[in-house]
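Asker: task: produce atomic coordinates for the following.
(2 chains)
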Amino acid sequence: MERILPDGEVFAISGSEPVLFFPVRHHSPVCSYQLVRTITAYAPDCILIEGPENANELIPVLTDEGTQLPAAIYYFYKDKKHYIDEEEERDYACYYPFLESSPEMTALREARKRGITAKFIDLPYSEILIHTKTAAGLRSEQERHSYADDSRLAGGLYYQKLCEKTGLRSFEEFWEKYFEIRGLRLSPEGFLRQMMTYCRLTRDSTPPAQNELDGTDSREQHMAYRIREHMETYGKILVVTGGYHTPALQTLMKEKLKKPKLHKFPSEEENCYPIAYSYEAADALRGYASGMPHPGFYDSITKRLREADSPEGIYQEAALHLLTECARECSKKDLPLSIADVTAAQTLTQGLAALRDTPEPGFAEIADGVTGALIKGEKTASSSLPLDVLYKLATGSGIGNIGDTTHVPPLILDFEKQCRKFKCRIDISLPQETKIPLFSAASRTGSGLEKSRFFHRMRYLETAFCKCIKGSDLHGNTDRSMVYETWKYSRSPQTDAALVDHTTDGTTLMEACQTAAARQLRTQRRTEAAASAAVDCFLMGITLTGKDIPRTDEIIAGDGDFFSLGMGLQKFDMLRELRALYGFGDAANDVHLALCYHKLLSLLPSMANVQPEQAGDCIKIMRLLYGVTGRTFPERQEDFKEALISLTLAPDKEPSVHGAALGLLYALDTAYLTKAEGAMQGYLQGSGEMKKRGAYYLKGLFETARDIALSDRRFIELTDLLLAELDRDDFMEILPSLRLAFGFFTPQETQVIAERAAALHGQNGRLLDEQALDEALIAFGAQLDAEIFREMRQLS
Amino acid sequence: METNLIKPPVELRYADELAALKSSDTGKRPENWQLSPKAVRTFILGGKAGGRDISRKFYGNDALVERCIITLAGNRGLMLVGEPGTAKTMLSELLSAAICGKSTNTVQGTAGTTEDMIKYSWNYALLLSKGPCREALVPSPLLIGMEQGIFARFEEITRTPAEIQDSLISVMSDQILNIPELGDDGLVFAKPGFNIIGTANTRDKGVNEMSGALKRRFNFETVAPVRDVRLEREIILREAADLARAGHIDCAPDKDVAELLAVTYHELREGVTAEGTMVEQPAAVMSTAEAVSVYFQTLCHAWYYGSGKMELPVLTENLLGAVCKENRDDLGRLKSYFQTAVKAKGMKEGGIWNEYYQTAKYLR
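Answerer: Numbers count the residues shown, from 1 in each chain, chains lettered A, B, ... in the order given. From the prediction side, this is the model:
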């Protein structure tokens, strides 16, 4: 060890050195424990901590008595001036999580307790990003980043050899055995020496070029400068940084340092906020590689260490507690485990610790104890429940809380207020489920619709807070009769982060949704999208006021797409229908409905030549127009009729649209029956291609006016006559389309039509009940008849 | 003991290592254990004992071995479960030999195993002449284990009918075996050091489910197949060398053939080749033990019928015999493996893989 550490490296903590470096691993209980002892022995007058310095204002918030951990600082930076990417403007964000076991939090709390200065000394978040040269570190391709990333310390090249040499399965097992458990029994000096040795070896095994690429060098230069700056004011400075940086900082302190040049950004472009964090997100195995795994377990160790006089027996107690909890949870999940099972697991855990020369069992031994004693039978995905439960318990399910709300974004405060009002549990990260009776009367906890609107607002803001698993789908216009909504929800750091991202959108959820919806609307060009936005607003119970209403008008006016307008008509019509039921509505929607209707009427005649693959959608809109005319615009019936007539007069009409138009005209005025019959005659008596189109014509006709075949016998007679005139080949060719056309009738209606058609040929409708004859069999019969006749002829 | 044996017991085979460990062992030992838990670990996983190298005998999961040792020091039995051919029996023998100095105190579970075989039976001639007395009693391995404070191994426990398995419950709960025929002298109390190591297959046909009551009296350890091809190759070479030595076959093992076989078994077991091509897994058990058997057969053929050099056509024929046992479709799966994976490796790497591919014609 002496060979690894530089000559003259000092570890005498009680000395009067102006600077003492304390390397840590993020969220490490032993680092926190030894840090407190070091602070007591060294008695610094200033503590400098690794952390983006633009969050220095938030230190009192983090150490406030009302703040419950896990909490985090949420940093964001919007690269509007293209310092990072010359082509693309991107938004960046990251978390800096704090747990009970975080040495950084311990340092902040100790400083507050002793009334001494504590500061973050790392580059501001924006500068870290700007100094990162590649898509590495905080700029790597991840959804969210953690500032406190220990991957260098835990994932260096050095650790693999170490695990091999010590016969341990993973770095975590190595760290737990040699640092977390054995480290508790060392003096602060001894621990510091061990940490420094490990950190220097890890640093030496990392290629220096990597430190330049991910901005580590720039960060360390800045931290070193800040330390030297503080040395002018303070006599004894304790520097708490990630272990990976400590060797480099010690070297830099001996060099000449330049004053850092920092960019200045307005608060809309760069800022940071304190937010509640969860254990689940803090777990390095599940979260953002932010430190140690099993944060719930290690936080319980830290709490026990804080309360106990000696570290002896702490892990033993925690192991027994965890095993008991594990057995209890398994029993709740229909896997009864007895006290004898827990005892066996505990015995195994302790025995393994002794065999592995670990003073007390750590999490590795607990997991082994559960594997050996609580899993009955072969270890498979289904039999591993005890192990799954153990990991879940070790992760923890709690969510923190920010005590001093001065710096908490008002949007988060409003969210918490709403959760309290609607009695939504947000103190745990386990998903909760709630069933909302939409139309229940208002009570102390608000009405069903109010609660539903709260969830829809949270969904709209993309907070990952909730998901509707049952309920009507107004966007798809399905399940509208459902009067309940079922939501699953859980608060997570993403929820808070998303709300922080919307901070500039308003101080309440309602305002934020209005701003976000208006912003989204501004980017839309199609009526369909504008109508979807209107549905979102309806579900959220918000109206878009001011300049945005004309904007929707403009979208509709500028939209020449018949189908987009048709979707808009359907949605605005639905919102008009639901207004009374939901007791809410935006009067502007009626204006939009009328605009869509008029635009569609003007475009309708041009749809005569629509492409065959769009004919189905076109007919749906025509039917919708018919419905809306009757319900909302009866005074425009003549205009609608005229539009339909214009359509029927166009050349080269799409046959099903033609049929649908005549069907609708028949529905408006039965005098159009003759026109419909005439058109059918034209199709079915035409050339081969026309005959085929005739089947499509009937399909369109029956789609809009199927009663034409039921109420008017003459129509059946004419159809029969025309079909009978077709030769076999022509009939076979159009048969599939005819089948499709008659598919719009219910089985009962088909029977009625069949009976009428059969009567025309002196048959009854029972013919349909008979089994269809095989074509080959008929051919065989005909051949047989011919043979018999031939034989008979020969025999005279 | 006679040393010229087909398969000498572990305590005989590794007598030198066990003696070295015993003489240098300073660790704490549970009562009646021959070695301390740490020395047992060294015996199975390898290391040093008083300057002497101790060979590694079990590969794969070191933590599993540690759990097994600690379980055996407690009051629960140890049940090793897993697919056939995953060295459960070997581990059980190693543990017994290291801890008790005896790995042969064994009950072999079959469908015909009766309660007498598990508890005790009688020498009927003596029983008739002297009546029920200790002299006429024929103790089972379980009874021997209880009286001597050593382990009783119960092989293939799940092949035994469930009601017969359950006869272990009272012994494991109370550590007492009652022999009512002997009257007041019929209570046999287990001495410290007694425990039971069971093994059970999870994939074979003809296995019985264990009762919940019996399961509760065991700690279970699942022994998984070796997932590392290089390790599997080493195991094949080492085991085949041991078998060859015992059979006085002085034929040099071929490392390339061992590699070929290890890759074949590994890829067929995992259902995917090293290149990422999906291959259909045979229904047959593709265990390392089976691979050792195929390799050793090929070695024997080379020694007795060949030039002393292992031949690939013989290897392929032996492979065919090992894989296509129960399921008719396995032949197609093996052929398909040769046509896809072996062919591709032959084209890419040439050499022995190409020769191996040429032997596909023997798959019929």
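Asker: so where's the stretch 151-300 of chain B uncertain?
Answerer: Residue ranges of the stretch 151-300 of chain B with pLDDT under 70: B:203-206.
Asker: and the helices in it?
Answerer: Using DSSP state H, counting those that start in this stretch, the helices found in the stretch 151-300 of chain B span residues B:162-165, B:168-174, B:212-215, B:229-246, B:255-270, B:288-304.
Asker: of all those helices, which one comes closest to residue B:345?
Answerer: Checking these against residue B:345 by CB to CB gives helix B:255-270 as the closest, at 8.1 Å. For glycine as for every other residue, the C-beta is placed from the backbone atoms N, C-alpha and C.
Asker: re the thing from before, which one of the helices of the stretch 151-300 of chain B lies closest to chain A?
Answerer: helix B:212-215 (4.6 Å; CB to the nearest CB).
Asker: elements contacting the helix or strand hosting residue B:333?
Answerer: Using DSSP states H and E, residue B:333 sits within helix B:329-337. Secondary-structure packing of helix B:329-337 (3 or more CB pairs under 8 Å, 6 or more residues apart in numbering or on different chains; DSSP states H and E): helix B:255-270, helix B:312-323.
Asker: in it, what's buried?
Answerer: Neighbour counts over helix B:329-337 (16 or more other CB atoms under 10 Å in any protein chain shown) mark B:330, B:333, B:334, B:337 as buried.
Asker: so the first one is in contact with residue B:282, correct?
Answerer: Yes. Between residue B:330 and residue B:282 there is a contact under CB atoms under 8 Å: 4.3 Å.
Asker: now do the shared contacts for the two.
Answerer: Taking CB atoms under 8 Å, 6 or more residues apart in numbering or on different chains as the contact rule, residue B:330 and residue B:282 both touch B:323, B:324.
Asker: for the stretch 101-250 of chain B, just list every one of the strands.
Answerer: Secondary structure of the stretch 101-250 of chain B (DSSP state E, counting those that start in this stretch): strands at B:106-108, B:120-122, B:137-139, B:151-155, B:176-178, B:187-189, B:195-201, B:218-222.
Asker: show the average pLDDT along the third one.
Answerer: This points to strand B:137-139. For strand B:137-139, mean pLDDT is 92.
Asker: in its sheet, what does it sit against?
Answerer: The pairing partners recorded for strand B:137-139 under DSSP bridges are strand B:120-122 (antiparallel).
Asker: quick one: residues in contact with the partner strand.
Answerer: Around strand B:120-122, the neighbours that count as contacts under CB under 8 Å, 6+ apart are B:132, B:136, B:137, B:138, B:139, B:140, B:143, B:177, B:179.
Asker: the third one contacts residue B:186, doesn't it?
Answerer: So that's residue B:137. No. Judged on CB under 8 Å, residue B:137 makes no contact with residue B:186 at a distance of 9.5 Å.
Asker: neighbour count: those two, which is higher?
Answerer: Counted by other CB atoms under 10 Å in any protein chain shown, residue B:137 and residue B:186 do not tie: residue B:137 has more neighbours, with 20 against 15.
Asker: for the more buried one, which non-adjacent residue is closest in space?
Answerer: Spatial nearest neighbour of residue B:137, excluding adjacent residues (CB to CB, 6 or more residues apart in numbering or on different chains): residue B:120 at 5.7 Å.
Asker: for the residue in chain A that chain B sits nearest to, give its distance to residue A:615.
Answerer: Per CB to the nearest CB, residue A:351 is where chain A lies closest to chain B, at 3.4 Å. Remark: distance between residue A:351 and residue A:615 (CB to CB, to the nearest Å) = 77 Å.
Asker: these two: which is more packed in?
Answerer: A direct count of neighbours by other CB under 10 Å for residue A:351 and residue A:615 places residue A:351 higher, at 25 against 22.
Asker: quick check: that one touching residue B:37?
Answerer: Yes. Under the criterion of CB under 8 Å, residue A:351 makes contact with residue B:37 at 7.4 Å.
Asker: any shared contact partners between the two?
Answerer: With CB under 8 Å, 6+ apart, residue A:351 and residue B:37 have common neighbours B:70, B:73.
Asker: show me what contacts the residue nearest to the spatial centre of chain A?
Answerer: Centroid-nearest residue in chain A: residue A:464, 4.9 Å away (criterion: CA atoms, centre = their mean). Residue A:464 is in contact with A:492, A:494, A:495, A:498, counting by CB under 8 Å, 6+ apart.
Asker: which parts of the stretch 101-250 of chain B sit against chain A?
Answerer: With CB under 8 Å from any CB of the partner chain as the criterion, the stretch 101-250 of chain B meets chain A at residues B:202, B:210, B:212, B:215, B:216, B:219, B:220, B:221, B:222.
Asker: which residue comes closest to the first one once chain neighbours are left out?
Answerer: In other words, residue B:202. residue A:378 (4.8 Å).
Asker: next, count neighbours for that neighbour.
Answerer: 21.
Asker: that one - that's part of a helix, no?
Answerer: No. Assigned with DSSP: H, G, I helix; E, B strand; the rest coil, residue A:378 falls outside any helix and is coil.
Asker: test my guess that it contacts residue B:81.
Answerer: Yes. Judged on CB under 8 Å, residue A:378 makes contact with residue B:81 at a distance of 4.8 Å.
Asker: which neighbours do the two share?
Answerer: Common neighbours of residue A:378 and residue B:81 (CB under 8 Å, 6+ apart) are B:202, B:220, B:222.
Asker: mind putting those into JSON lines with neighbour count?
Answerer: Shown next, in JSON lines, are these (neighbours: other CB atoms under 10 Å in any protein chain shown):
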{"residue": "B:202", "neighbour count": "16"}
{"residue": "B:220", "neighbour count": "26"}
{"residue": "B:222", "neighbour count": "22"}
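Asker: skip the chain neighbours and tell me the closest residue to the residue in the stretch 251-364 of chain B that chain A sits nearest to.
Answerer: Here the stretch 251-364 of chain B gets closest to chain A at one residue, residue B:285, 14.6 Å apart by CB to the nearest CB. Ranked by CB to CB, 6+ apart and with sequence neighbours excluded, the top spatial neighbour of residue B:285 is residue B:84, at 4.7 Å.
Asker: got phi/psi on that neighbour?
Answerer: Dihedral angles of residue B:84 (phi, psi; degrees, to the nearest 10) stand at phi -60, psi 150.
Asker: who are the neighbours in contact with the nearest residue to residue A:431 once chain neighbours are set aside?
Answerer: Using CB to CB, 6+ apart and skipping the chain neighbours, the partner closest in space to residue A:431 is residue A:490 (4.4 Å). Applying CB under 8 Å, 6+ apart, we find residue A:490 in contact with A:428, A:429, A:430, A:431, A:432, A:465.
Asker: does the first one touch residue A:401 like I think?
Answerer: When you say that, I think you mean residue A:428. No. Contact criterion CB under 8 Å: residue A:428 and residue A:401 do not qualify, at 12.0 Å.
Asker: returning to what we had before: turn the buried residues of helix B:329-337 into TSV, columns for pLDDT.
Answerer: Formatted as TSV, those follow (pLDDT from 0 to 100):
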residue	pLDDT
B:330	83
B:333	86
B:334	87
B:337	88
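Asker: quick one on the thing from earlier: of the contacts of residue A:490, which is the most crowded?
Answerer: Among the contacts of residue A:490, residue A:465 has the most neighbours (other CB under 10 Å), with 26 neighbours.
Asker: shouldn't residue A:272 be within a strand?
Answerer: Yes. Under three-state DSSP, residue A:272 falls within a strand.
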